[in-house]
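J.: what follows is a predicted protein model with its sequence.
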Amino acid sequence: MNTRAKHIMAIASKEAKHIKRDIFTLSVALVLPMVFVVFFGFVINLDYHHIPLSVRDNDQSHTSRELLTQASAAGYFDVISVHSPLEAEQILLKNRMRGLLIIPPSFHEAFAKGDAAHAQLLIDGTDNTMAALSSTYMQGIVQTTQQALLAEHEPITSMIRTRYLFNPELNSRWFIVPALSTIIIGFLAIILTALTVAKEWENGSMELMLSTPLRPVEIVVGKLLPYFALSFFDVLLVFALALLVFHIPFRGSFVLYLTACMFYIMGALALGLLISVITRQQQAAIQFGFAIGLLPSMMFSGFVFPIENMPLFFQYVTMLFPQRWFLQISRALFLSGSGFIDLIGPFIALLLFMVGMVTLAVQNFKTDVEP
């Protein structure tokens, strides 16, 4: 082992002993990922079920009853009958229901003649996500009802059958949990190095280390290695929770996933180290950590807002954040089993981020010894 490697391992060993004695750091690193993934994995659910739906059936026919039966059986709506126009009007004015379905008297007659059978669906638009999904659910229910009614008279020889690839049940947790690993692991990696190293700046031990003949690159790499091992353990922990608790399939290459995690974690740790060099105070470091590590993860990764729906300028801005690229890799490997060629762009972006952050951290250690 050459001298540089010995120096790096000595610093890494010292940092590892410091982590073992620091209960707060161990708690943050080992407990918070489990709590966040389990808590948010169950709480965040984009699927709407049992939406209260009032129905004013003015037709009272076999066709209208079949439509309401299908609406109840699907589990998306809780159908509640409205017996008078006045009651329906009161529901609309007082906003007591999420939706109101009005079936006209001519509904069955129009269907029997082969004409378009119209009904009116009024939806509470204050929750635009729920409103859009309610409309989509009802369209699917109408198609199912139509197929069921036609099958009663004659076999259906030709129809369009929809099959959802990679997520056949359209389970939102399959979409959310892989993204949670992006948010949680990246944020914790930044906070770990930002806080612990900033503490050394405050008590003066960092300046003492920089006054030794050790090179900045040896200090940076030596300090990052223990936190890298800790963060990598978090990755394996979150991965196990995704498979065992949420039963999310993993269809891609585990080696590719671990490689992407290595790039992402090392870059995030180096970013936290850079924050500690710039701030040199734990309070300022945690503020920067939240501002840089958490908010961009939520806003620009595609976790909350689809990148394709953003203005073109902000779509380019998201390319600067590694959360976007790791989230894309994580979802693709979990759900669709994409290969390296399909993900080469995100991998290159993560590699560039890692190299850039480590380089900046080393350069600032070299040139910014004094406050």
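T.: Structure's in. What do you need? Note that the structure is predicted; figures quoted are calculated from it, not measured. Numbering: from 1, shown residues only.
J.: doesn't residue 82 make contact with residue 53?
T.: No: assessed by Cβ atoms under 8 Å, residue 53 is found out of contact with residue 82, at 10.2 Å. C-beta: built from backbone N, CA, C; applies to glycine.
J.: between those two, which one's more packed in?
T.: More crowded of residue 53 and residue 82, by other Cβ atoms under 10 Å: residue 53, with 23 against 19.
J.: any idea how many residues pack against the closest residue to the more buried one other than its chain neighbours?
T.: Nearest non-adjacent residue to residue 53, counting by Cβ to Cβ, 6 or more residues apart in numbering: residue 77, 4.1 Å away. By the criterion of other Cβ under 10 Å, residue 77 has 25 neighbours.
J.: separation between residue 77 and residue 138?
T.: Residue 77 sits at a distance of 8 Å from residue 138 (criterion: Cβ to Cβ, to the nearest Å).
J.: count of neighbours near the residue nearest to residue 197 when sequence neighbours are not counted?
T.: Closest residue to residue 197 apart from its sequence neighbours, by Cβ to Cβ, 6+ apart: residue 276 at 3.8 Å. Counted with other Cβ under 10 Å, the neighbours of residue 276 add up to 30.
J.: what does residue 309 give?
T.: With other Cβ under 10 Å as criterion, residue 309 counts 9.
J.: over to the one 4 residues further on?
T.: By the measure other Cβ under 10 Å, the count of residues near residue 313 is 7.
J.: same question for residue 243.
T.: Neighbours of residue 243 (other Cβ under 10 Å): 14.
J.: in what helix or strand does it lie?
T.: For residue 243, the host element (DSSP states H and E) is helix 216-244.
J.: what packs against that helix?
T.: helix 3-21, helix 23-30, helix 32-43, helix 172-203, helix 205-210, helix 254-279, helix 344-367 (3 or more Cβ pairs under 8 Å, 6 or more residues apart in numbering; DSSP states H and E).
J.: to residue 306, which of those lies closest?
T.: When the helices and strands packed on helix 216-244 are compared by Cβ to Cβ, helix 172-203 sits nearest residue 306, at 11.3 Å.
J.: against residue 170, how distant is residue 46?
T.: For residue 46, the distance to residue 170 equals 9 Å [Cβ to Cβ].
J.: what do you get for residue 265?
T.: The gap separating residue 265 from residue 170 is 31 Å, by Cβ to Cβ.
J.: next structured bit after the longest strand along the chain?
T.: If each strand of the chain is counted by residues according to DSSP state E, the longest one is strand 51-57. Counting by DSSP H and E, the next helix or strand C-terminal to strand 51-57 is helix 62-73.
J.: so, low pLDDT: which residues of the chain?
T.: 1, 92-96, 151-164, 169, 204-213, 366-371 (pLDDT under 70).
J.: quick check, central residue of it?
T.: Using Cα atoms, centre = their mean, the residue of the chain that lies closest to the mean C-alpha position is residue 179, 3.0 Å off.
J.: does the residue nearest to that one when sequence neighbours are not counted belong to a helix, a strand or coil?
T.: Spatially, and ignoring its direct neighbours in sequence, residue 179 is nearest to residue 303 (4.6 Å; Cβ to Cβ, 6+ apart). Three-state call for residue 303 (DSSP: H, G, I helix; E, B strand; the rest coil): coil.
J.: now stretch 262-282: buried residues?
T.: For stretch 262-282, burial by neighbour count (16 or more other Cβ atoms under 10 Å) applies to 262-280, 282.
J.: just the CA atoms of it, as PDB, please.
T.: Only the C-alpha atoms of stretch 262-282 are listed here, as PDB (Å, rounded to 0.1, in the frame of the first residue of the first chain):
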ATOM      1  CA  MET A 262     -22.300   4.800  -5.900                       C
ATOM      2  CA  PHE A 263     -22.200   7.800  -8.300                       C
ATOM      3  CA  TYR A 264     -25.100   9.500  -6.700                       C
ATOM      4  CA  ILE A 265     -24.000   8.900  -3.100                       C
ATOM      5  CA  MET A 266     -20.400  10.000  -3.600                       C
ATOM      6  CA  GLY A 267     -21.600  13.200  -5.400                       C
ATOM      7  CA  ALA A 268     -24.100  14.000  -2.700                       C
ATOM      8  CA  LEU A 269     -21.500  13.400   0.100                       C
ATOM      9  CA  ALA A 270     -19.000  15.600  -1.700                       C
ATOM     10  CA  LEU A 271     -21.700  18.300  -2.100                       C
ATOM     11  CA  GLY A 272     -22.300  18.100   1.700                       C
ATOM     12  CA  LEU A 273     -18.500  18.400   2.300                       C
ATOM     13  CA  LEU A 274     -18.400  21.500   0.000                       C
ATOM     14  CA  ILE A 275     -21.300  23.000   2.000                       C
ATOM     15  CA  SER A 276     -19.400  22.500   5.200                       C
ATOM     16  CA  VAL A 277     -16.300  24.100   3.700                       C
ATOM     17  CA  ILE A 278     -18.300  27.200   2.600                       C
ATOM     18  CA  THR A 279     -20.400  27.600   5.800                       C
ATOM     19  CA  ARG A 280     -18.100  26.200   8.600                       C
ATOM     20  CA  GLN A 281     -21.100  26.400  11.000                       C
ATOM     21  CA  GLN A 282     -23.500  23.600  11.700                       C
END
